[in-house]
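Participant: Quick one, fold the following:
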Amino acid sequence: MSQLSERRIGFLGGGAMAEALIGALLAAGVRPAHLRASDPDPARRKHLEERHGIETTAENADAVHDSDVVIVAVKPGIVPQALAAVQNTGGDPLWISIAAGVSLDSLQAALSPSARVVRAMPNTPALVGAGATVFCGNAQTTADDADLARALFQSVGIAFTVTDEGLLDAVTGLSGSGPAYVFVFIEALADAGVRVGLPGDLAMDLAAQTVYGASKLARESDRHPAQLKDQVASPGGTTIAGLERIEAGGLRAVVYEAVAAASARSRELGSK
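Facilitator: Have a look, this model is predicted:
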């Protein structure tokens, strides 16, 4: 985090993802006086001030003023409006957008031809420090800018950079939307446990921990998930009986279709 420790960082938007980044930056040693966030909601501003000790403002231009880095963390539909309010604030910050579907060209058009802009796709597990983020910089960004963006997103999980912005639509379909798919699976797994006789609370705890543990094992093992699956599924045993029903039900095909649909929707939103 040495790249960020002395930077002044402004947030356009003070929602949940912005707060996750603020909390991670503070935990890593960034001083509260170096962080500032804008938000139109007085209650939200009060929450950020009281919980994190940072300065907040209702004006986007105030959040950008004197910032070395600006995180664009507003809803995609209001990005043009938010950036229009900061056109004449001076300085040359690195702009990092986490607004889904808003392209680098759109961001740069709303700023200036020389603006250094990074577009990133984090996901909601960043709220608990377990996020996955992929980011891409425009032609004006430098290697130092990429290092800074990587440090920012590594504060809330893991981070990867790509040179092809088009891949971010696929990232949105997989890891951006992916937590929702996993939550549906956890819910279904718990409901299935209730159906075979488990108490609801126990079923939910077992389902969530099973998904967490399996994910941790997949991340930390040097084995492919298919090999890990085979370790659990002994010939003629209980697991193979369950896997047979999963394959017959088309889970794999449905996941393919879900990722493809979300990716296509991301491209559609980016073209508007």
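Participant: What is the host helix or strand of Trp95 packed up against?
Facilitator: Assigned by DSSP states H and E, Trp95 falls within strand 94-97. If you count contacts as 3 or more C-beta pairs under 8 Å, 6 or more residues apart in numbering; DSSP states H and E, strand 94-97 packs onto strand 69-72, strand 116-121, helix 143-154. Quick note: C-beta positions are derived from backbone N, CA and C, even for glycine.
Participant: right, so of the ones you listed, which gets closest to Ala16?
Facilitator: Closest of those to Ala16 is strand 69-72, at 13.1 Å (criterion: C-beta to C-beta).
Participant: Sketch out the strands for the stretch 151-272 of the chain, chain order is fine.
Facilitator: 157-161 (DSSP state E, counting those that start in this stretch).
Participant: Tell me, please, where in it the pLDDT is lower than the cut-off.
Facilitator: Scanning the stretch 151-272 of the chain for pLDDT under 70 picks out 272.
Participant: Could you do the stretch 1-150 of the chain as well?
Facilitator: 1-2, 88-90.
Participant: Now do the strands in it.
Facilitator: 9-12, 35-38, 55-57, 69-72, 94-97, 116-121, 131-137.
Participant: Quick one: residues contacting Ala264.
Facilitator: Asp169, Gly173 (C-beta atoms under 8 Å, 6 or more residues apart in numbering).
Participant: tell me the contacts of Leu111?
Facilitator: Leu111 touches Leu83, Gln87, Trp95, Val117, counting by C-beta under 8 Å, 6+ apart.
Participant: Kindly provide the distance from Val156 to Met17.
Facilitator: Distance, Val156 to Met17, by C-beta to C-beta, to the nearest Å: 9 Å.
Participant: hmm, back to that, who touches the strand holding Trp95?
Facilitator: Outside strand 94-97, the residues that touch it by C-beta under 8 Å, 6+ apart are 68-72, 79, 107, 111, 115-120, 135, 141, 145, 148-149, 152.
Participant: Report back the residue of this structure that's furthest from centre.
Facilitator: Gly236 (40.8 Å; C-alpha atoms, centre = their mean).
Participant: circling back to that earlier point, Throw the strands of the stretch 1-150 of the chain into JSON lines and include distance to His47, thanks.
Facilitator: What follows is the strands of the stretch 1-150 of the chain, written out as JSON lines (distance: least, C-beta to C-beta, whole Å):
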{"stretch": "strand 9-12", "distance to His47": "13"}
{"stretch": "strand 35-38", "distance to His47": "10"}
{"stretch": "strand 55-57", "distance to His47": "9"}
{"stretch": "strand 69-72", "distance to His47": "17"}
{"stretch": "strand 94-97", "distance to His47": "23"}
{"stretch": "strand 116-121", "distance to His47": "24"}
{"stretch": "strand 131-137", "distance to His47": "21"}
